[in-house]
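K.L.:
Structure of the sequence below:
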Amino acid sequence: MPEDQERRAVPRTRVADRHTARVPGVRQVRLLDLSVAGAQIEHLDPLSPGVACVLDLPPPWGAVNLPAQVVWCTVIGRNRRVRGESHLVARSGLQFTTLTPEQQAALADTLHYFATVLQPIA
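P.N.:
Sure, this is the predicted structure:
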């Protein structure tokens with residue numbers, strides 16, 4: 001495959017300002033990009049590939065809960081706190097699993113909202 005050809009099955013939209021999202025049991029989740037197939041998040045502490053999770057998108061994006069599976073996880077650095085605490089910072093790719101029609105519609109609305117403000121990742 002030529003290097004300049006898109007390797008993703010569906011286009012992703014970068015999320016400006018790394019909006020806060022939630023994955024139960026995972027600390028400090030930031031949404032980096034989003035598509036109809038999945039998302040990339042940044043968070044504290046690594047996740048194990050293959051683990052099932054739920055990505056909660058907060059309002060104003062519809063307050064939707066999207067079932068997903070961790071496809072990959074990479075440690076990108078360390079977050080040091082003033083009191084000496086230290087946490088690994090990681091990025092993970094999530095693939096959405098079986099979405100209901102309501103979840104698909106809410107995700108489409110969220111992507112439409114981002115598309116009006118942001119540009120898809122090329």
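K.L.:
show me where this structure has strands.
P.N.:
Assigned by DSSP state E, the chain shows strands spanning 13-14, 27-34, 38-44, 52-57, 64-80, 86-96.
K.L.:
need those in a markdown table with mean pLDDT, can you?
P.N.:
Shown next, in a markdown table, are the strands of the chain (pLDDT from 0 to 100):
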| stretch | mean pLDDT |
| --- | --- |
| strand 13-14 | 80 |
| strand 27-34 | 91 |
| strand 38-44 | 94 |
| strand 52-57 | 94 |
| strand 64-80 | 91 |
| strand 86-96 | 92 |
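K.L.:
Of those strands, which is nearest His112?
P.N.:
strand 13-14 (9.8 Å; CB to CB). No exception for glycine: its C-beta is placed from N, CA and C like everyone else's.
K.L.:
Which elements pack onto the closest one?
P.N.:
Applying 3 or more CB pairs under 8 Å, 6 or more residues apart in numbering; DSSP states H and E, one finds that strand 13-14 contacts strand 27-34, helix 101-117.
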